[in-house]
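A.B. asks: Quick check, what structure comes out for this input:
(one chain, ligands or ions: 2)
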Amino acid sequence: MSGKAAHILAVTNQKGGVGKTTTTVNLAAGLALLEQRVLLVDLDPQGNATMGSGVEKRDCQQTVYHVLLRQAVCRQVRRAAANGGYDILPANRDLAGAEVELVLEQGREGRLREALGTVAQEYDYILIDCPPALNLLTVNALAAADAVLIPMQCEYYALEGLSDLVNTVKRVKSSLNPAIEIEGLLRAMFDPRNTLAQQVSEQLKQHFGEKVYDTVIPRNVRVAEAPSYGMPVLVYDRHSKGAQAYMKLAEEIVGRRAGQH
Ligand code: ADP
Ligand code: MG
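C.D. replies: Ligands and ions are numbered 1, 2, ... in the order given. Here you go, the predicted structure:
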(Lines give C-alpha, C1' and ligand atoms only; values in the text may rest on other atoms or scores of the structure.)
(Ligands and ions follow the chains in the order given, each with its own letter.)
Protein backbone atom coordinates (compact mmCIF):
# COMPACT_ATOMS: atom_id res chain seq x y z
CA MET A 1 0.00 0.00 0.00
CA SER A 2 1.32 3.45 -0.83
CA GLY A 3 0.46 6.88 0.53
CA LYS A 4 1.70 8.91 3.41
CA ALA A 5 1.98 7.67 6.93
CA ALA A 6 -0.52 8.44 9.66
CA HIS A 7 -0.27 11.51 11.84
CA ILE A 8 0.53 10.03 15.25
CA LEU A 9 -0.87 11.90 18.26
CA ALA A 10 -0.04 11.04 21.87
CA VAL A 11 -2.91 12.07 24.17
CA THR A 12 -1.11 12.64 27.41
CA ASN A 13 -1.10 14.31 30.83
CA GLN A 14 0.43 12.64 33.86
CA LYS A 15 -2.58 13.67 35.93
CA GLY A 16 -5.37 11.13 36.10
CA GLY A 17 -8.99 12.03 35.49
CA VAL A 18 -8.38 14.98 33.18
CA GLY A 19 -10.14 13.49 30.16
CA LYS A 20 -7.37 11.69 28.25
CA THR A 21 -9.28 8.50 27.60
CA THR A 22 -12.56 10.28 26.90
CA THR A 23 -10.78 12.54 24.43
CA THR A 24 -8.93 9.70 22.70
CA VAL A 25 -12.08 7.60 22.24
CA ASN A 26 -14.25 10.47 21.07
CA LEU A 27 -11.65 12.03 18.84
CA ALA A 28 -11.18 8.60 17.23
CA ALA A 29 -14.93 8.39 16.62
CA GLY A 30 -15.11 12.01 15.40
CA LEU A 31 -12.24 11.56 12.97
CA ALA A 32 -13.85 8.33 11.72
CA LEU A 33 -17.07 10.28 11.05
CA LEU A 34 -14.93 12.62 8.95
CA GLU A 35 -13.87 9.56 6.95
CA GLN A 36 -10.41 9.42 8.39
CA ARG A 37 -8.86 6.00 8.94
CA VAL A 38 -8.03 5.82 12.63
CA LEU A 39 -6.12 3.45 14.91
CA LEU A 40 -6.51 3.99 18.65
CA VAL A 41 -3.66 2.59 20.77
CA ASP A 42 -4.64 1.90 24.38
CA LEU A 43 -1.43 2.36 26.35
CA ASP A 44 -2.99 2.34 29.82
CA PRO A 45 -3.10 -0.96 31.80
CA GLN A 46 -6.54 0.13 33.05
CA GLY A 47 -7.85 -0.59 29.55
CA ASN A 48 -10.50 2.13 29.75
CA ALA A 49 -10.20 3.09 26.10
CA THR A 50 -10.54 -0.59 25.18
CA MET A 51 -13.74 -1.00 27.22
CA GLY A 52 -15.01 2.40 26.10
CA SER A 53 -14.69 1.18 22.51
CA GLY A 54 -16.90 -1.82 23.25
CA VAL A 55 -14.04 -4.34 23.42
CA GLU A 56 -13.97 -6.63 26.48
CA LYS A 57 -10.43 -6.25 27.78
CA ARG A 58 -10.47 -9.56 29.67
CA ASP A 59 -11.17 -11.47 26.46
CA CYS A 60 -8.15 -10.07 24.64
CA GLN A 61 -5.57 -12.85 24.39
CA GLN A 62 -3.10 -10.53 22.78
CA THR A 63 -2.77 -6.87 23.50
CA VAL A 64 -0.41 -3.94 23.03
CA TYR A 65 1.70 -5.57 25.75
CA HIS A 66 2.57 -8.46 23.41
CA VAL A 67 3.40 -5.96 20.69
CA LEU A 68 5.79 -4.05 22.97
CA LEU A 69 7.50 -7.30 23.96
CA ARG A 70 7.73 -8.36 20.29
CA GLN A 71 5.60 -11.41 20.98
CA ALA A 72 3.02 -10.31 18.40
CA VAL A 73 2.72 -7.76 15.61
CA CYS A 74 0.17 -4.94 15.30
CA ARG A 75 -1.71 -6.62 12.47
CA GLN A 76 -2.46 -9.66 14.65
CA VAL A 77 -3.49 -7.71 17.69
CA ARG A 78 -5.56 -4.83 16.35
CA ARG A 79 -9.28 -5.22 16.01
CA ALA A 80 -12.25 -3.14 15.00
CA ALA A 81 -13.81 -1.16 17.84
CA ALA A 82 -17.35 -2.46 18.39
CA ASN A 83 -18.70 1.06 18.06
CA GLY A 84 -17.17 4.09 16.46
CA GLY A 85 -15.68 3.02 13.15
CA TYR A 86 -12.01 2.86 14.09
CA ASP A 87 -9.45 0.16 14.90
CA ILE A 88 -7.95 -0.40 18.31
CA LEU A 89 -4.85 -2.00 19.78
CA PRO A 90 -6.36 -3.09 23.09
CA ALA A 91 -4.78 -3.13 26.54
CA ASN A 92 -5.47 -4.80 29.84
CA ARG A 93 -3.68 -5.50 33.12
CA ASP A 94 -0.91 -7.42 31.34
CA LEU A 95 0.50 -4.07 30.30
CA ALA A 96 1.35 -3.20 33.91
CA GLY A 97 4.20 -5.72 33.68
CA ALA A 98 5.74 -4.25 30.55
CA GLU A 99 7.81 -1.63 32.30
CA VAL A 100 9.65 -4.21 34.42
CA GLU A 101 9.99 -6.72 31.62
CA LEU A 102 11.46 -4.19 29.22
CA VAL A 103 13.93 -2.76 31.68
CA LEU A 104 16.92 -4.74 30.43
CA GLU A 105 16.01 -4.53 26.77
CA GLN A 106 17.97 -2.45 24.29
CA GLY A 107 16.00 0.38 22.74
CA ARG A 108 13.06 -0.19 25.05
CA GLU A 109 11.80 3.39 24.53
CA GLY A 110 11.42 2.75 20.80
CA ARG A 111 9.24 -0.35 20.84
CA LEU A 112 5.94 1.36 20.09
CA ARG A 113 7.45 3.51 17.37
CA GLU A 114 8.88 0.40 15.71
CA ALA A 115 5.52 -1.39 15.92
CA LEU A 116 3.41 1.50 14.62
CA GLY A 117 5.78 1.91 11.69
CA THR A 118 4.42 -1.37 10.33
CA VAL A 119 0.83 -0.10 10.04
CA ALA A 120 1.21 3.68 9.76
CA GLN A 121 0.54 3.66 6.00
CA GLU A 122 -2.89 2.19 6.60
CA TYR A 123 -4.22 5.06 8.70
CA ASP A 124 -4.67 8.81 8.57
CA TYR A 125 -4.46 9.18 12.36
CA ILE A 126 -3.05 7.05 15.15
CA LEU A 127 -4.16 8.22 18.61
CA ILE A 128 -2.34 6.94 21.69
CA ASP A 129 -4.16 7.01 25.04
CA CYS A 130 -1.40 7.37 27.65
CA PRO A 131 -1.40 6.23 31.29
CA PRO A 132 -1.49 8.85 34.06
CA ALA A 133 2.28 8.85 34.64
CA LEU A 134 5.50 9.98 32.98
CA ASN A 135 6.74 6.38 32.80
CA LEU A 136 8.28 4.12 30.17
CA LEU A 137 4.91 3.61 28.50
CA THR A 138 4.43 7.34 28.12
CA VAL A 139 8.00 7.72 26.86
CA ASN A 140 7.22 5.04 24.26
CA ALA A 141 4.20 7.08 23.19
CA LEU A 142 6.23 10.29 22.97
CA ALA A 143 8.99 8.53 21.02
CA ALA A 144 6.40 7.26 18.53
CA ALA A 145 4.36 10.45 18.17
CA ASP A 146 4.53 13.32 15.72
CA ALA A 147 2.74 15.50 18.22
CA VAL A 148 1.21 15.68 21.67
CA LEU A 149 -2.39 16.53 22.56
CA ILE A 150 -2.75 17.57 26.19
CA PRO A 151 -6.22 17.47 27.71
CA MET A 152 -6.50 19.38 30.95
CA GLN A 153 -8.94 20.61 33.49
CA CYS A 154 -8.81 24.33 34.15
CA GLU A 155 -8.16 24.15 37.88
CA TYR A 156 -5.64 25.63 40.27
CA TYR A 157 -2.76 23.17 39.98
CA ALA A 158 -3.20 22.42 36.29
CA LEU A 159 -0.50 24.78 35.06
CA GLU A 160 2.05 23.49 37.54
CA GLY A 161 1.70 19.93 36.27
CA LEU A 162 2.01 21.17 32.72
CA SER A 163 5.60 22.33 33.16
CA ASP A 164 6.72 18.78 34.10
CA LEU A 165 5.00 17.46 31.02
CA VAL A 166 6.45 20.15 28.76
CA ASN A 167 9.93 19.39 30.13
CA THR A 168 9.47 15.68 29.46
CA VAL A 169 8.45 16.46 25.88
CA LYS A 170 11.59 18.64 25.54
CA ARG A 171 13.80 15.82 26.83
CA VAL A 172 12.27 13.37 24.39
CA LYS A 173 12.72 15.93 21.61
CA SER A 174 16.42 16.33 22.33
CA SER A 175 17.09 12.61 22.52
CA LEU A 176 14.60 10.13 21.10
CA ASN A 177 12.36 12.08 18.77
CA PRO A 178 13.55 15.45 17.39
CA ALA A 179 10.36 15.84 15.33
CA ILE A 180 7.91 15.88 18.22
CA GLU A 181 5.78 18.97 18.76
CA ILE A 182 3.07 20.02 21.15
CA GLU A 183 0.07 19.99 18.88
CA GLY A 184 -2.47 21.43 21.22
CA LEU A 185 -3.91 21.92 24.67
CA LEU A 186 -7.52 20.97 25.17
CA ARG A 187 -9.72 22.46 27.84
CA ALA A 188 -11.72 19.40 28.88
CA MET A 189 -14.62 19.05 31.34
CA PHE A 190 -14.97 22.81 31.23
CA ASP A 191 -17.51 24.64 33.34
CA PRO A 192 -17.90 28.19 32.00
CA ARG A 193 -19.75 29.34 35.13
CA ASN A 194 -16.69 28.63 37.25
CA THR A 195 -14.64 31.83 37.63
CA LEU A 196 -11.43 29.98 38.46
CA ALA A 197 -11.81 27.86 35.34
CA GLN A 198 -12.13 31.05 33.29
CA GLN A 199 -9.00 32.51 34.88
CA VAL A 200 -6.94 29.39 34.30
CA SER A 201 -8.23 29.27 30.74
CA GLU A 202 -7.01 32.85 30.19
CA GLN A 203 -3.59 32.05 31.66
CA LEU A 204 -3.37 29.04 29.41
CA LYS A 205 -4.01 31.19 26.35
CA GLN A 206 -1.41 33.74 27.48
CA HIS A 207 1.18 30.99 27.93
CA PHE A 208 0.46 28.78 24.97
CA GLY A 209 -1.31 31.09 22.52
CA GLU A 210 -2.50 29.32 19.41
CA LYS A 211 -1.61 25.94 20.83
CA VAL A 212 -4.82 26.10 22.84
CA TYR A 213 -7.61 24.58 20.77
CA ASP A 214 -10.53 26.90 20.08
CA THR A 215 -12.84 24.01 20.85
CA VAL A 216 -13.71 23.62 24.52
CA ILE A 217 -15.21 20.39 25.86
CA PRO A 218 -17.99 21.11 28.36
CA ARG A 219 -18.76 18.93 31.32
CA ASN A 220 -21.71 16.85 30.14
CA VAL A 221 -23.35 13.87 31.78
CA ARG A 222 -23.84 12.02 28.48
CA VAL A 223 -20.06 11.97 28.02
CA ALA A 224 -19.66 10.25 31.39
CA GLU A 225 -22.46 7.74 30.70
CA ALA A 226 -21.27 6.57 27.29
CA PRO A 227 -18.33 4.36 28.39
CA SER A 228 -20.58 2.10 30.46
CA TYR A 229 -22.30 1.19 27.17
CA GLY A 230 -18.96 0.64 25.45
CA MET A 231 -19.62 3.57 23.14
CA PRO A 232 -18.09 6.92 22.31
CA VAL A 233 -20.58 9.67 23.18
CA LEU A 234 -20.62 10.41 19.45
CA VAL A 235 -22.40 7.07 19.01
CA TYR A 236 -24.31 6.98 22.31
CA ASP A 237 -25.94 10.39 21.94
CA ARG A 238 -24.55 12.35 19.05
CA HIS A 239 -26.81 15.35 19.65
CA SER A 240 -25.53 15.90 23.18
CA LYS A 241 -23.39 18.94 23.94
CA GLY A 242 -20.40 16.70 24.65
CA ALA A 243 -20.70 14.84 21.35
CA GLN A 244 -21.02 18.08 19.41
CA ALA A 245 -17.93 19.48 21.10
CA TYR A 246 -15.85 16.40 20.27
CA MET A 247 -17.06 16.56 16.67
CA LYS A 248 -15.92 20.17 16.54
CA LEU A 249 -12.53 19.15 17.93
CA ALA A 250 -12.12 16.52 15.20
CA GLU A 251 -12.97 19.17 12.61
CA GLU A 252 -10.55 21.66 14.16
CA ILE A 253 -7.73 19.10 14.12
CA VAL A 254 -8.35 18.04 10.52
CA GLY A 255 -8.68 21.72 9.53
CA ARG A 256 -5.40 22.66 11.19
CA ARG A 257 -3.61 19.85 9.40
CA ALA A 258 -5.09 20.81 6.06
CA GLY A 259 -3.83 24.34 6.69
CA GLN A 260 -0.27 23.07 7.14
CA HIS A 261 -0.05 21.47 3.70
P1 ADP B 1 -8.17 10.20 32.19
O2 ADP B 1 -8.08 9.24 31.05
O3 ADP B 1 -7.35 11.43 31.99
O4 ADP B 1 -7.88 9.54 33.51
P5 ADP B 1 -11.03 10.11 31.73
O6 ADP B 1 -11.19 10.42 30.28
O7 ADP B 1 -11.10 8.67 32.10
O8 ADP B 1 -9.67 10.74 32.27
O9 ADP B 1 -12.10 10.97 32.52
C10 ADP B 1 -12.23 10.87 33.93
C11 ADP B 1 -13.69 10.78 34.31
O12 ADP B 1 -14.38 11.96 33.92
C13 ADP B 1 -14.42 9.64 33.63
O14 ADP B 1 -15.33 9.08 34.52
C15 ADP B 1 -15.13 10.30 32.45
O16 ADP B 1 -16.30 9.61 32.08
C17 ADP B 1 -15.44 11.66 33.03
N18 ADP B 1 -15.47 12.70 31.99
C19 ADP B 1 -14.52 12.96 31.07
N20 ADP B 1 -14.85 14.00 30.28
C21 ADP B 1 -16.07 14.41 30.71
C22 ADP B 1 -16.99 15.45 30.30
N23 ADP B 1 -16.71 16.28 29.29
N24 ADP B 1 -18.14 15.57 30.99
C25 ADP B 1 -18.44 14.74 32.02
N26 ADP B 1 -17.64 13.76 32.45
C27 ADP B 1 -16.46 13.58 31.80
MG1 MG C 1 -7.39 7.25 31.02
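A.B. asks: check contacts around residue 159.
C.D. replies: Residue 159 is in contact with 200, 203, 204, 207, counting by CB atoms under 8 Å, 6 or more residues apart in numbering. Any C-beta I mention is one placed from the backbone N, CA and C, and that applies to glycine too.
A.B. asks: For this structure, give the strand that spans the most residues.
C.D. replies: Criterion DSSP state E: the longest strand present in the chain is strand 181-190.
A.B. asks: Run through who's touching the very next helix or strand once past that strand.
C.D. replies: Next along the chain after strand 181-190, taking DSSP states H and E as the criterion, comes helix 195-208. If you take CB under 8 Å, 6+ apart as the criterion, helix 195-208 is touched by 152-156, 158-159, 182, 185, 187, 190-192, 212, 216.
A.B. asks: rerun that using 7 Å as the cut-off
C.D. replies: 154, 155, 156, 158, 159, 185, 187, 190, 191, 212 (CB atoms under 7 Å, 6 or more residues apart in numbering).
A.B. asks: same question, stretch 73-90
C.D. replies: Outside stretch 73-90, the residues touching it (CB under 7 Å, 6+ apart) are 28-29, 32, 38-42, 47, 50, 53-55, 57, 60, 62-64, 66-67, 115-116, 118-119, 230-232, 235.
A.B. asks: And the contacts of helix 195-208, which of them are buried?
C.D. replies: Listed as buried from those are 154, 158, 185, 187, 190, 212; burial here means 16 or more other CB atoms under 10 Å.
A.B. asks: Just put these in TSV and tack on distance to ligand 1 and pLDDT.
C.D. replies: Formatted as TSV, the buried ones among the contacts of helix 195-208 follow (distance: CB to the nearest ligand atom, whole Å; pLDDT from 0 to 100):
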residue	distance to ligand 1	pLDDT
154	12	92
158	12	84
185	14	97
187	10	97
190	8	95
212	17	97
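A.B. asks: Please list only the buried members of the contacts of residue 159.
C.D. replies: Here, 16+ other CB under 10 Å leaves 200, 204 buried among the contacts of residue 159.
A.B. asks: which stretches of the stretch 1-150 of the chain aren't confidently modelled?
C.D. replies: Scanning the stretch 1-150 of the chain for pLDDT under 70 picks out the ranges 1-3.
A.B. asks: all strands of it, in order?
C.D. replies: For the stretch 1-150 of the chain, strands defined by DSSP state E, counting those that start in this stretch occupy the ranges 7-11, 38-42, 79-80, 87-89, 125-129, 147-152.
A.B. asks: now those strands as CSV including distance to residue 20 and mean neighbour count?
C.D. replies: Below are those laid out as CSV (distance: least, CB to CB, whole Å; neighbours: other CB atoms under 10 Å):
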stretch, distance to residue 20, mean neighbour count
strand 7-11, 5, 25
strand 38-42, 11, 28
strand 79-80, 21, 14
strand 87-89, 15, 27
strand 125-129, 6, 28
strand 147-152, 5, 24
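A.B. asks: Save those strands as JSON lines, and put in distance to residue 107 too.
C.D. replies: JSON lines is the format used below for the strands of the stretch 1-150 of the chain (distance: least, CB to CB, whole Å):
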{"stretch": "strand 7-11", "distance to residue 107": "18"}
{"stretch": "strand 38-42", "distance to residue 107": "18"}
{"stretch": "strand 79-80", "distance to residue 107": "27"}
{"stretch": "strand 87-89", "distance to residue 107": "20"}
{"stretch": "strand 125-129", "distance to residue 107": "18"}
{"stretch": "strand 147-152", "distance to residue 107": "21"}
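A.B. asks: surely residue 20 meets residue 127?
C.D. replies: No - contact criterion CB atoms under 7 Å: residue 20 and residue 127 do not qualify, at 10.3 Å.
A.B. asks: Mutual contacts of these two, please.
C.D. replies: residue 11.
A.B. asks: Of the strands of the stretch 1-150 of the chain, which is nearest ligand 2?
C.D. replies: strand 125-129 (6.1 Å; CB to the ion).
A.B. asks: Having no further points to raise, I will conclude here.
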